[in-house]
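When you get a sec, could you give me coordinates for this:
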Amino acid sequence: MNRKTVPVLLAIIAGLLLMLLVLRGNEGERVSGELLLPNFGPVANDTTSITIQGPEGSDAVALRRVEEQWQVSNRDNYAADIGKLRQLVIALAEARILEEKTSDPALYERLGVDDPESGGKGSRVTVAGADFEYTVILGNQTQGKYRYARDAAAAPSYLLDKDPSLPTTADDWLLADLLDIAAKRVRQVRIAHADGETIVISKDTEEQTDFSVLDMPAGRELSYATVANGIGGALSALKLESVRPGVESPATTTTEFLTWDGLAVTAEIIADGDASWIRFSAATSDAEATATDEAADINRRLAGWQYQLPDYKKDLLVRRWDDLLKAID
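Numbers count the residues shown, from 1 in each chain. Modelled structure (predicted):
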């Protein structure tokens, strides 16, 4: 090495040191367009658990993947809604920073990004897999399509270009679809109450539009001609509101649906205080039925569970004569 090269090398070293200092000075800063969780996207499909803790008093949610099925752990491992899970995971993986907001914890509350574990109003969301874990605090929605958020382990909060959908209760994460048996498939419905009151509605042909009400009490008439049609469609687009493991309890009402292709679905309504829970079972009504596989699928999915339904659906399953007939003068 000669004397001329020494100053050149010193200049290069000084330049590298200056660059290093600049990089260190910028460490931790985030810029617009950067992913909120830059390392999550490549492993998002390997997520095996999601936990959500909302503000104090809200329902904690624990979701986990068992083999290929997602379950709601704090609803006795009932099946979770994959669509809602997918939306949340994709939104977190793709969320980009629009702008940095406050890093002052005293101002977090304004954006809703204060940690609920410390009494804050945000939602603490943890997504984890075998070898990774990310926790974010999701804050207020804004402009209908954006959301404030921050990495739970860092001070800065951000406005994101995504609004991760976040159902507020464990029940909201349940796979809600139960049955979808259209009224046009139904041949007959029989509602039998424990006190002996029984109502039967039926059709004579598949082409018949309206259900007939059989064996009406003498001297009474229907409140209107199509009053029974709602009962016939009670199992159409049927969704749960909540679920619990089955408990032994006598039914206060048993309602049976028979279809033209031989499917028989029974709903047993159980009174539990002010609440009503319904258990379902399915069979085929005769040897020529073509719905054997459908009956087996219903039993596989619903057996062992009891469900709460929206009131308007539950009420259809427990109709009484006074609900169908004109009042007595």
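
going forward, measure contacts between C-alpha atoms and count neighbours the same way
Fine.

I'd like the C-alpha coordinates of stretch 117-126 written as CSV, please.
What follows is stretch 117-126, C-alpha atoms only, in CSV (Å, rounded to 0.1, in the frame of the first residue of the first chain):
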residue,chain,number,x,y,z
GLU,A,117,-55.1,-5.3,28.4
SER,A,118,-54.5,-2.0,30.0
GLY,A,119,-58.1,-0.9,30.0
GLY,A,120,-58.0,0.6,26.5
LYS,A,121,-60.7,0.6,23.8
GLY,A,122,-58.7,-1.1,21.0
SER,A,123,-58.9,-4.7,19.9
ARG,A,124,-55.8,-6.8,20.5
VAL,A,125,-55.4,-9.4,17.7
THR,A,126,-52.7,-12.1,17.8
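
if we look at it, which residues are touching it?
For stretch 117-126, contacts defined as Cα atoms under 8 Å, 6 or more residues apart in numbering pick out 50-56, 109, 112-116, 133-140, 152.

One more pass at 10 Å, please.
49-56, 58, 60-62, 88, 92, 108-116, 133-140, 148-152, 166, 168 (Cα atoms under 10 Å, 6 or more residues apart in numbering).

Could you give the average pLDDT over that stretch?
In this model, stretch 117-126 has a mean pLDDT of 94.

tell me which residues in that stretch are buried?
When burial is assessed from 16 or more other Cα atoms under 10 Å, stretch 117-126 yields the following buried residues: Gly120, Lys121, Gly122, Ser123, Arg124, Val125, Thr126.

which among those gets closest to Ile231?
Nearest to Ile231 among the buried residues of stretch 117-126, counting by Cα to Cα, is Ser123 at 40.9 Å.

how about the nearest residue to the closest one, chain neighbours excluded?
Gly54 (4.3 Å; Cα to Cα, 6 or more residues apart in numbering).

Could you double-check that the one you found lies in contact with Thr169?
Yes. Counting by Cα atoms under 10 Å, Gly54 does reach Thr169; the two are 9.0 Å apart.

quick one: common contacting residues for those two?
With Cα under 10 Å, 6+ apart as the test, Gly54 and Thr169 both reach Ala60, Val61.

With neighbour numbers in mind, choose between the two.
Gly54 (24 against 15; other Cα atoms under 10 Å).

ok, now which ones touch that one?
Counting by Cα under 10 Å, 6+ apart, the residues that Gly54 touches are 60-61, 115-117, 119-125, 137-138, 166, 168-169.

Go ahead and report the secondary structure state at Arg220.
coil (DSSP: H, G, I helix; E, B strand; the rest coil).

Look up the pLDDT of it for me, please.
In this model, Arg220 carries a pLDDT of 93.

Name the nearest residue to it, sequence neighbours excluded.
Arg220 sits nearest to Leu325 (Cα to Cα, 6+ apart), 6.6 Å away.

Now do that neighbour: how many residues are near it, please.
Leu325, neighbours per other Cα under 10 Å, totals 16.

Tell me where the stretch 151-300 of the chain has helices.
229-232, 292-302 (DSSP state H, counting those that start in this stretch).

Could you measure from Arg190 over to Thr266?
Applying Cα to Cα, to the nearest Å, the value for Arg190 to Thr266 is 10 Å.

Give the residues shared as contacts by the two.
Joint contacts of Arg190 and Thr266 (Cα under 10 Å, 6+ apart) are Thr254, Thr255, Glu256, Phe257, Leu258.

what would the residues you listed look like in TSV with neighbour count?
Below are the shared contacts of Arg190 and Thr266 laid out as TSV (neighbours: other Cα atoms under 10 Å):
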residue	neighbour count
Thr254	22
Thr255	23
Glu256	19
Phe257	26
Leu258	22
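
mind showing which ranges of this structure have poor pLDDT?
Confidence mapping of the chain against pLDDT under 70 gives the ranges 1-30.

So it: which segments form each domain?
Domain assignment for the chain by automatic domain parsing gives 30-169, 177-324.

give me every residue that touches the residue lying closest to Leu238 once chain neighbours are set aside.
The shortest distance from Leu238 to any non-neighbouring residue, by Cα to Cα, 6+ apart, is to Leu179 (5.1 Å). When contacts are counted by Cα under 10 Å, 6+ apart, Leu179 touches Ala234, Leu235, Ser236, Ala237, Leu238, Lys239, Leu240, Val265, Phe280, Ile298, Leu302.

one more time with 8 Å
Leu235, Ser236, Ala237, Leu238, Lys239, Ile298.

which of the residues you listed lies closest to Gly144?
For the contacts of Leu179, the nearest to Gly144 is Lys239 (27.2 Å; Cα to Cα).

Number of residues surrounding that closest one?
Neighbours of Lys239 using other Cα under 10 Å come to 18.

Now stretch 83-101: buried residues?
84-85, 88-101.

How far off centre is that stretch?
18 Å (Cα atoms, centre = their mean, to the nearest Å).
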